[in-house]
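Asker: missing the sequence, but the structure's below:
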């Protein structure tokens, strides 16, 4: 074996682990399951319907309003007609499409803490399929807020 062949062999041995790391593929359904929000006060069940992805609040750390003794309501909603609906069971994520690569896009996220709906995209954080990066924004994705959700096991 000459020096040139030896150098190619060594370079190949060094590159293989890096190539395998970047080859980790994401499928659209990898997002399915239950996720704990960053504030650790809600679980969101992500499901698929008609080829699109949605997320519904299925658990709240404090589901009952301390003042009224009744279920917490969507009382911050900009639409007054919706302020009487309970937060538990609320549809948070709507109409996300998987881009075929590594991102769920073209969806909307509703924030019950301020009653507003934003454009949104979702992707796994640092190729970690147990943590989602959820980015809500107005207009351009640079004008927004990112939150991280953890998979509930």
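Answerer: Ah, there it is. None of the values given here were measured: they were computed from a predicted structure.

Asker: pLDDT score for residue 54?
Answerer: The model reports residue 54 with a pLDDT of 98.

Asker: ramachandran angles for it?
Answerer: Per-residue torsions, residue 54: phi -130, psi 160 (degrees, to the nearest 10).

Asker: beta partners of it?
Answerer: For residue 54, the beta-bridge partners are residue 47 (DSSP bridges).

Asker: do residue 118 as well
Answerer: In beta-bridge terms (that is, DSSP bridges), residue 118 pairs with residue 109.

Asker: SS state for residue 84?
Answerer: coil (DSSP: H, G, I helix; E, B strand; the rest coil).

Asker: how about the contacts made by it?
Answerer: 73, 74 (C-beta atoms under 8 Å, 6 or more residues apart in numbering). All C-beta spots, glycine's among them, are computed from the backbone N, C-alpha and C.

Asker: that one and residue 74, how far apart?
Answerer: Residue 84 is 8 Å from residue 74, where distance means C-beta to C-beta, to the nearest Å.

Asker: what is in contact with the two at once?
Answerer: In contact with both residue 84 and residue 74: no residue, using C-beta under 8 Å, 6+ apart.

Asker: which residue ranges of the protein form helices?
Answerer: Along the chain, the stretches classed as helices by DSSP state H are 3-22.

Asker: give me the low-pLDDT residue ranges for it?
Answerer: 1-24 (pLDDT under 70).

Asker: so where do the strands sit in it?
Answerer: Under the criterion DSSP state E, the chain contains strands at 33-36, 42-49, 52-60, 91-98, 103-111, 116-125, 128-137, 144-151.

Asker: columns distance to residue 79 and mean neighbour count on top of the ones you listed, output as a markdown table?
Answerer: Formatted as a markdown table, these follow (distance: least, C-beta to C-beta, whole Å; neighbours: other C-beta atoms under 10 Å):
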| stretch | distance to residue 79 | mean neighbour count |
| --- | --- | --- |
| strand 33-36 | 26 | 18 |
| strand 42-49 | 21 | 17 |
| strand 52-60 | 18 | 18 |
| strand 91-98 | 14 | 18 |
| strand 103-111 | 11 | 18 |
| strand 116-125 | 10 | 18 |
| strand 128-137 | 18 | 17 |
| strand 144-151 | 22 | 15 |
